[in-house]
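*Asks:* Below are the sequence and a predicted model; questions follow.
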Amino acid sequence: MRVKITAIGNLLALAVLAVPALAVEPSPVQATGVIDLEMGIDASNWDIAPYNAFTFTQTDKIFPTLLISPGTEPYASLPRAASQIDLKKLTVTDPETGDTISAEQLLERIRNSGLILIHKGKVIHESYRFGLERDRRHICMSASKSFIGMLTQIAMQKGLLEEDDLVARYVPEVKDKDAWADVTVRHVLDMRDGLKFVEDYEDPDSDVRRQDRAIGWRVRREGDPEGLRDFVQQNLNEKAWRAGHVFNYASIQTDILGMVLEGASGMPLEEFFETEFWSRLGAEFPAGMGTDGFGQPIVQGAISMTLPDFARTAMFILDKGRNHRGEQIVSADFFDDLLTPNQELTDAFAFFDPAATYAHYRSQFWVNDTRNEQFLMNGVHGQIAFFDYQRDFAMVGFGSYPDAVSPLLTDSQFSLIESILTELDAN
């Protein structure tokens, strides 16, 4: 157990320490940076096709991983509907060719490893491919971010922080930086912090790739920062826009939120996540939380879980933060706020996508359509949780698409979603 008590307040720290820790444990798998020596799969290529369908379930070998306990209470059931959707019979339009093919063929083409569909509280489809099994953890990539958005809301509900608090109050690495002088927790939640950060996965020298080397996501080079906090200390010093003005997707900001939560709660992030969220969700299996090799969790993308537990998360979100025991873990207002039209958010999002009239980014979720109450947890290579509140529907999936980000992958996912929703509406 890491001990990280800050100077936020001695009474708060003592109160937190009085709470008994659950069972966060290090993974028994050693993070050697090598997944398969004979196949030549290591930290230099672990997330590259064709290896990634396998390696996305083997990330404990890339970065040291903490296992987050699901708790001791019975896990939530995943009831199955009497009528199931057969994806071999469901037809979709293939955006690549314009041809009509089966949904199963589309899933094979985009290298989806597992898919669960939920409608009105019941599973209407569950399938696995490319070697994934129901009890095997798979990396969530940037879908991890939404968990930290919800966890930040929990911290605010507990009175540990306010959304208008300055980030520098909780994160010593940015305390004396001029670029952070006006950045609030809300700015970071919405990625409107204004810091200069380029998230270009194709440029090996972009900010995100230098960050990846610092955290062990890629092979470190001589002189690279040693871990997340060292990266933040040495970088993120330059302002590109005034805070709140522009949405700029920067994965490092989710890790900043993790540091805020540690500073505000006086607890290691993994313990706060376990105590306040994962052990109360109704999960069946432990979750994984990758670290940077220096003890700091990589919550921008290195949370892993089984597909059924991802589906339980989706059911929790469909029920607006209420778990299977009827406990309100995350305020329902949080989810209503995601879908509330907000001109400030729309204007900020226009920098990213000028054509997205009804879309914005809020609290670490992608909101693609406020009119139809649709939003996403989204990660590179095909990790997705799509929600439609009007239809009481969710789709969760893990994947290993060759490109980290691809318009074709996105178009394919939404072609599948459109066909599924059309099928539901017809019945």
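*Replies:* Right, received. Where do you want to start? Numbering: from 1, shown residues only.
*Asks:* which SS class is Ile417?
*Replies:* When classified by DSSP: H, G, I helix; E, B strand; the rest coil, Ile417 comes out as helix.
*Asks:* how many neighbours does it have?
*Replies:* 19 (other CB atoms under 10 Å). Backbone N, C-alpha and C define where each C-beta goes, glycine included.
*Asks:* if I read this right, it contacts Phe386, doesn't it?
*Replies:* Yes - the criterion here is CB atoms under 8 Å, and Ile417 meets it with Phe386 at 5.8 Å.
*Asks:* Quickly list what's touching both of these two.
*Replies:* Residues touching both Ile417 and Phe386 (CB atoms under 8 Å, 6 or more residues apart in numbering) are Met395.
*Asks:* Report the contact partners of the closest residue to Asn52 other than its chain neighbours.
*Replies:* Distance criterion CB to CB, 6 or more residues apart in numbering; nearest residue to Asn52, sequence neighbours excluded, is Ser400 at 4.2 Å. Neighbour list for Ser400: 49, 52-53, 56, 111, 113, 130, 381-382 [criterion: CB under 8 Å, 6+ apart].
*Asks:* and what of Glu270?
*Replies:* Counted by CB under 8 Å, 6+ apart, Glu270 has contacts 2, 24, 66, 68, 289, 297.
*Asks:* Recalculate using a threshold of 6 Å.
*Replies:* Glu270 makes contacts with 24, 66, 289, 297, as judged by CB atoms under 6 Å, 6 or more residues apart in numbering.
*Asks:* Tell me which entries of these lie within strands.
*Replies:* Residues of these located in strands (DSSP state E): 66, 289.
*Asks:* Keep only those of the contacts of Ser400 that are in strands.
*Replies:* Of those, the ones assigned to strands by DSSP E are Ser113.
*Asks:* Against Met156, how distant is the closest residue to Lys175 other than its chain neighbours?
*Replies:* Take Lys175 and drop its neighbours on the chain: the residue closest to it by CB to CB, 6+ apart is Ala168, 4.7 Å away. For Ala168, the distance to Met156 equals 18 Å [CB to CB, to the nearest Å].
*Asks:* can you give me the strands in the stretch 1-150 of the chain?
*Replies:* For the stretch 1-150 of the chain, strands defined by DSSP state E, counting those that start in this stretch occupy the ranges 25-26, 34-36, 41-42, 65-68, 91-93, 100-102, 112-119, 122-128, 138-139.
*Asks:* Turn those strands into a markdown table, columns for mean neighbour count, distance to Trp180 and mean pLDDT.
*Replies:* Below are the strands of the stretch 1-150 of the chain laid out as a markdown table (neighbours: other CB atoms under 10 Å; distance: least, CB to CB, whole Å; pLDDT from 0 to 100):
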| stretch | mean neighbour count | distance to Trp180 | mean pLDDT |
| --- | --- | --- | --- |
| strand 25-26 | 14 | 32 | 95 |
| strand 34-36 | 17 | 37 | 96 |
| strand 41-42 | 19 | 36 | 95 |
| strand 65-68 | 25 | 28 | 98 |
| strand 91-93 | 18 | 46 | 97 |
| strand 100-102 | 15 | 50 | 98 |
| strand 112-119 | 26 | 39 | 98 |
| strand 122-128 | 18 | 44 | 98 |
| strand 138-139 | 26 | 30 | 98 |
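*Asks:* TSV for the ones you listed, including distance to Gly266?
*Replies:* Output for the strands of the stretch 1-150 of the chain, formatted as TSV (distance: least, CB to CB, whole Å):
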stretch	distance to Gly266
strand 25-26	21
strand 34-36	36
strand 41-42	37
strand 65-68	18
strand 91-93	49
strand 100-102	53
strand 112-119	36
strand 122-128	39
strand 138-139	29
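*Asks:* Figure out which of the ones you listed is closest to Gly194.
*Replies:* Gly194 lies closest, by CB to CB, to one member of the strands of the stretch 1-150 of the chain: strand 138-139, at 29.4 Å.
*Asks:* Give me the contact list for that closest one.
*Replies:* 56-57, 59, 304, 398.
*Asks:* quick one, which of the strands of the stretch 1-150 of the chain is nearest to Phe231?
*Replies:* The minimum distance between Phe231 and the strands of the stretch 1-150 of the chain falls on strand 65-68, with 19.4 Å, by CB to CB.
*Asks:* Low-confidence stretches in the stretch 201-350 of the chain?
*Replies:* The model of the stretch 201-350 of the chain has no residue with pLDDT under 70.
*Asks:* Now do the helices in it.
*Replies:* 207-214, 228-234, 252-265, 269-273, 279-281, 307-318, 332-338, 343-349 (DSSP state H, counting those that start in this stretch).
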